[in-house]
Structure formats: C-alpha cells, structure tokens
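> Generate coordinates for the sequence data below:
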Amino acid sequence: MFLFQYTPEEYAAHIRNILSLSDRLVGYRVIPLPEAPFADIKVLISDRAVAMTRLKPPYFTIQFEHPDLCRAFVAYARRIGEQYRQDKLTTRQMLERYL
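Model (predicted):
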C-alpha cells in the first residue's frame, strides 16, 4: 500500500473535480465531517460489500459481503451523513476556500 500527499495543484484539481461532479450529478453529495470517524482506517461502503483498510503498519484489508452487515454499515453511513448534511451552496463555498 502506498500513501502519498497531494501537491497543491493536485489538491486543487481534486476539489474542482468534486465541485464538477456535484454540479453534474443530481444525487452526488459531499458531506464534510468535522473529524474523521475512523482514524487510520479507510472504510468503503456499498450495498454489496464493505472494505476496511488499516492505513498504518501492520497494513491489512478486511472485506465482507454479508447482506446484513452491508445494510448495517450503509445505515450507519446514512446516519452520519444526515447528522452533518448541509445544503450544496454551503458545501460549495466551503470547498472553494481550498482552491
């Protein structure tokens, strides 16, 4: 696993891409969180699978596809999203400060 940092140019391009996706895709939402809920862990959640990767040694990834576990993680992610949701204009203004 390789960890890297964005250059300022790459970071700006990433933010511009997020803004573009938000403009083009009706269901695309960015929900900024005040802090990372899982420090040193990346969690990818979908209706079909959940993957959790530890981002520091010892590196490992756990993936599961059990429907009940996937539903539980999806519900958890939705609750977090609802707790911190803000309108698209506020989110856009916040992201544009990073450009």
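> May I see the buried residues of stretch 90-99?
Of the residues in stretch 90-99, those scored as buried under the neighbour-count criterion (16 or more other CB atoms under 10 Å) are Thr91, Leu95. Where C-beta positions appear, they are placed from N, C-alpha and C, glycine not excepted.
> Can you tell me the SS state at the residue lying farthest from the centre of the chain?
No residue in the chain sits farther from the centre than Pro58, which is 22.6 Å out by CA atoms, centre = their mean. For Pro58, the secondary-structure state derived from DSSP: H, G, I helix; E, B strand; the rest coil is coil.
> count of neighbours near Met52?
Counted with other CB atoms under 10 Å, residues neighbouring Met52 total 16.
> Kindly report the same for Pro32.
Around Pro32 there are 11 residues (other CB under 10 Å).
> how about the helices in this structure?
For the chain, helices defined by DSSP state H occupy the ranges 8-24, 67-84, 88-96.
> Let me know the angle separating the first one from helix 88-96.
Interaxial angle of helix 8-24 relative to helix 88-96 (axes from the mean of the first three to the mean of the last three CA atoms, to 10 degrees): 170 degrees.
> How far off centre is helix 8-24?
14 Å (CA atoms, centre = their mean, to the nearest Å).
> quick revisit: for Ala36, see how far away the residue farthest from the centre of the chain is.
The spacing between Pro58 and Ala36, counted by CB to CB, to the nearest Å, is 20 Å.
> quick one on the thing from earlier: take the helices of the chain and lay them out in CSV including mean pLDDT and distance to Ile45.
Shown next, in CSV, are the helices of the chain (pLDDT from 0 to 100; distance: least, CB to CB, whole Å):
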stretch, mean pLDDT, distance to Ile45
helix 8-24, 94, 18
helix 67-84, 93, 5
helix 88-96, 93, 20
